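K.L.:
Give me a model of this one.
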Amino acid sequence: MTVSSFDHPFLSGFLGDEETAGVFSAKADLDAMLAFEAALAGAEGAAGVIPSDAATAIEDAIAGFRPDISALRDATARDGVVVPELVKQLRRAAGVHGDHVHFGATSQDVIDTGLALRLGKLLTLFAERLHTLDAALADLDERFGRLEVMAHTRMQAAIAVPASRKIASWRDPLARCGERLPGVRDDVAILHFGGAAGTQDKLGNKAGAVTEGLAQRLGLAVPQRARHSERDGIAGYASWLSVVTGSLGKIGQDIALMAQSEVGEIRLARGGGSSAMPHKVNPVSAEALVALARFNATLVAGMHQALVHENERSGAAWTLEWLILPQMTVATGAALRIAAELLAAISFSGRN
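P.N.:
The predicted structure is shown next:
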């Protein structure tokens, strides 16, 4: 039994998405943080901040590193972040070069950059899924667009319209989500590297060279300064997630209404069964899209609360992001997956 439907033993089959959730696994999280530490050592070695042999030794130690997960868990309970204990273990692994591990960095650099690496991969996945949905909607339009369906305004029958008009109201918002995606990526796929208070004070005149080298090694953009307390980019990403799931929820709501027995303008090739009424084909996928849309719409307010970072770093706002953002992201991955399955299972029959 779990507290989340996304990794619940059986509810996850309905609402989960393993590919998206995998990006938030402990392994993915640690791999991304270790990538930061290895790239930092390499960049600092190249810039002459630490000895080159120390940089090589650190990179080699990280390549073969196996963390003590139990110790990480216990230390996080104490420190509120995993990085101090992780760095302690890495320094042990690097032996005589351990003092050069994590030089000039802070916990938030490691955690936020690790998240940026993972979100960049997710946005590529989401772009692919949006493209798949666009192709499915184009196919529906080609096959059924000329059929007449009843338009409804304020839940009342209005006038007959081509199904193409209905499909366009599903397709176009998703296309606009895709158009916004590069801007979202620009705001989240960035390096977070500022040191204790965002000033890179330990690096002196080598700060620029280390930052550029680190960003190049990780494939991330370099903002004007570390955005430790500037969370508009991450909040914008959360807002984008909510717009995507909201757009998919509109599709789900329309399909559920059009598939009603007394309307019958859409037929479902498959659906959910009933324990009491075996003749029913319940529009469970359509309903899931509505639920996930409302879920993300609820949570996005919390991400806007997390914009309020006091001074140069907020433990409370930062922790709030950790609670909310993975759920919003997995909900979006699930909605994109479910929508593709749903669109493959519907056909328009036109007006009765």
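K.L.:
And the helices in the stretch 201-350 of the chain, which stretches?
P.N.:
Along the stretch 201-350 of the chain, the stretches classed as helices by DSSP state H, counting those that start in this stretch are 207-218, 232-258, 284-305, 315-343.
K.L.:
For whichever helix in the chain runs longest, buried residues please.
P.N.:
The residue-count maximum for a helix in the chain (DSSP state H) belongs to helix 107-144. Across helix 107-144, burial judged by 16 or more other CB atoms under 10 Å covers 107-120, 122-123, 126, 129-130, 132-133, 136-137, 140-141, 144. Any C-beta I mention is one placed from the backbone N, CA and C, and that applies to glycine too.
K.L.:
next one: phi and psi at Val82?
P.N.:
phi -90, psi -20 (degrees, to the nearest 10).
K.L.:
the inter-axis angle of the longest helix of the chain versus helix 315-343?
P.N.:
20 degrees (axes from the mean of the first three to the mean of the last three CA atoms, to 10 degrees).
K.L.:
So what's the residue count around the residue lying closest to His304 once chain neighbours are set aside?
P.N.:
What sits nearest to His304 in space, not counting adjacent residues and going by CB to CB, 6 or more residues apart in numbering, is Ala235, at 5.8 Å. Counted with other CB atoms under 10 Å, the neighbours of Ala235 add up to 19.
K.L.:
Correct me if wrong: Val290 contacts Leu257.
P.N.:
No - with contact defined as CB atoms under 8 Å, Val290 does not reach Leu257; the gap is 10.5 Å.
K.L.:
Which one's more surrounded, these two?
P.N.:
Val290 (22 against 15).
K.L.:
and the more buried one, what is it in contact with?
P.N.:
The neighbourhood of Val290, defined by CB atoms under 8 Å, 6 or more residues apart in numbering, consists of 249, 252-253, 256.
K.L.:
picking up where we left off before, which one of the helices of the stretch 201-350 of the chain lies nearest to Ser169?
P.N.:
Nearest of the helices of the stretch 201-350 of the chain to Ser169, taken as CB to CB: helix 232-258 at 7.5 Å.
K.L.:
Could you dump the helices of the stretch 201-350 of the chain into JSON lines with mean pLDDT and distance to Ile266 added?
P.N.:
As requested, the helices of the stretch 201-350 of the chain are arranged in JSON lines below (pLDDT from 0 to 100; distance: least, CB to CB, whole Å):
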{"stretch": "helix 207-218", "mean pLDDT": "96", "distance to Ile266": "46"}
{"stretch": "helix 232-258", "mean pLDDT": "96", "distance to Ile266": "4"}
{"stretch": "helix 284-305", "mean pLDDT": "96", "distance to Ile266": "9"}
{"stretch": "helix 315-343", "mean pLDDT": "95", "distance to Ile266": "10"}
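K.L.:
Quick one: name whatever helix or strand follows the longest helix of the chain.
P.N.:
strand 148-153 (DSSP states H and E).
K.L.:
Give the rounded mean pLDDT of the helix or strand following that following strand.
P.N.:
Reading on from strand 148-153 to the C-terminus, the next helix or strand found by DSSP H and E is strand 156-162. Averaged over strand 156-162, pLDDT sits at 85.
K.L.:
Tell me the helix or strand right after strand 156-162.
P.N.:
That would be, after strand 156-162 and using DSSP H and E, helix 163-188.
K.L.:
and that next one, how far out from the chain's middle?
P.N.:
Computed by CA atoms, centre = their mean, to the nearest Å, the chain-centroid distance of helix 163-188 equals 17 Å.
K.L.:
quick one: that helix to strand 156-162, angle?
P.N.:
Going by the same axes, to 10 degrees, helix 163-188 makes 90 degrees with strand 156-162.
K.L.:
Quickly list the domain ranges of this protein.
P.N.:
19-103+202-222, 106-190+227-352 (automatic domain parsing).
K.L.:
Which one, of those domains, ends up nearest to Ala196?
P.N.:
domain 106-190+227-352 (5.2 Å).
K.L.:
Check the gap between the residue nearest to Thr319 when sequence neighbours are not counted and Gln108 for me.
P.N.:
Among residues not flanking Thr319 along the chain, Gly80 sits closest, at 7.3 Å (CB to CB, 6+ apart). Using CB to CB, to the nearest Å, Gly80 is found at 11 Å from Gln108.
K.L.:
what does Pro9 give?
P.N.:
Relative to Gln108, and taking CB to CB, Pro9 is found at 34 Å.
K.L.:
Also Met258?
P.N.:
48 Å.
K.L.:
what's the answer for Lys121, then?
P.N.:
Distance from Lys121 to Gln108, by CB to CB: 21 Å.
K.L.:
One more: Phe65?
P.N.:
As for Phe65, its distance to Gln108 is 21 Å (criterion: CB to CB).
K.L.:
Any regions of this protein where pLDDT drops low?
P.N.:
Across the chain, the ranges flagged by pLDDT under 70 are 1, 264, 269-281, 350-352.
K.L.:
at 50 instead, please
P.N.:
Counting by pLDDT under 50, the low-confidence segments of the chain come to 271-279.
K.L.:
quick one: contacts for the closest residue in space to Arg185 that isn't next to it in sequence?
P.N.:
In this structure, Arg185 finds its nearest non-sequential neighbour in Leu123, 5.1 Å apart by CB to CB, 6+ apart. Neighbour list for Leu123: 181, 184-185, 188-189 [criterion: CB under 8 Å, 6+ apart].
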